[in-house]
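Q: Give me a 3D structure for the following:
(chains A and B)
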Amino acid sequence: DAKTTQPPSMDCAEGRAANLPCNHSTISGNEYVYWYRQIHSQGPQYIIHGLKNNETNEMASLIITEDRKSSTLILPHATLRDTAVYYCIVRLQGGSEKLVFGKGMKLTVNP
Amino acid sequence: GAVVSQHPSWVICKSGTSVKIECRSLDFQATTMFWYRQFPKQSLMLMATSNEGSKATYEQGVEKDKFLINHASLTLSTLTVTSAHPEDSSFYICSASRGTGGFGYGYTFGSGTRLTVV
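A: Just a heads-up that it's a prediction; the model follows:
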């Protein structure tokens, strides 16, 4: 079973920041938080991951609370192409660890 | 870098026939590959994990004799749906991992295969 909970959907206006929340209250100390997204009828795309520090890359920022029980993915300037299902996943780092998807959250960016 | 190619992107087959789906890591060696199935408006469901040169590990409820997985090389894994039936119609997605050694980007996914059994 997935170890994360996300709201089922969210809307955002184009050009505004999209803040996508995720709860992972049972995360263990050596589990990372990963974010993927899936645009309709495509394979999932990696976005970002982190352990306990905030992370930023060219796609997004990841803010992890100090107790690590929740996190927020931030898309700073959402575009129509960011419309997708976003998955927050916790897992151990390591190349043979399973990636278990929950239901995810549908983000719709409106013009 | 880290590109995974999956073929075919879509396939239509007759009930009772078998279909093979290929998953290739183009620019890295994939020690572990994963196969997922996704029904419409549902999340990805992990079917099995395959490691190069060994038998695949199937998730509970997935029939290993129906979904044959072969991971004969570090760049290729195949999923064969045997004696396909309409209920096997789904979106099948593979993902590949470089293995351990500090690779923290998770896994790279293929673009998926839409299987329709008629």
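Q: Residue A:111 contacts residue A:14, correct?
A: Yes - Residue A:111 is within contact range of residue A:14, at 5.3 Å (criterion: Cβ atoms under 8 Å). For every residue, glycine as well, the C-beta is placed using N, CA and C.
Q: Run a quick neighbour tally on residue A:58.
A: For residue A:58, the neighbour count with other Cβ atoms under 10 Å in any protein chain shown is 5.
Q: From chain B, how far out is it?
A: 13 Å (Cβ to the nearest Cβ, to the nearest Å).
Q: same thing with residue A:57?
A: Taken as Cβ to the nearest Cβ, the span from residue A:57 to chain B is 10 Å.
Q: Got the phi and psi for that residue?
A: phi -140, psi -170 (degrees, to the nearest 10).
Q: give the contact list for it.
A: Applying Cβ atoms under 8 Å, 6 or more residues apart in numbering or on different chains, we find residue A:57 in contact with A:47-48.
Q: State the pLDDT value of it.
A: Note for residue A:57: predicted pLDDT of 93.
Q: and the nearest residue to residue B:23 once chain neighbours are set aside, what element?
A: Nearest non-adjacent residue to residue B:23, counting by Cβ to Cβ, 6 or more residues apart in numbering or on different chains: residue B:94, 3.5 Å away. In this assignment (DSSP states H and E), residue B:94 forms part of strand B:90-97.
Q: Residue A:49 too?
A: strand A:45-50.
Q: Report the buried residues of that strand.
A: Within strand A:45-50, the residues that count as buried by 16 or more other Cβ atoms under 10 Å in any protein chain shown are A:46-50.
Q: before we move on, what about stretch A:91-103?
A: Those would be A:91, A:93, A:95, A:97, A:99-102, for stretch A:91-103 by 16+ other Cβ under 10 Å.
Q: Ok, stretch A:104-111 next?
A: Result for stretch A:104-111 [16+ other Cβ under 10 Å]: buried residues A:104-107, A:109.
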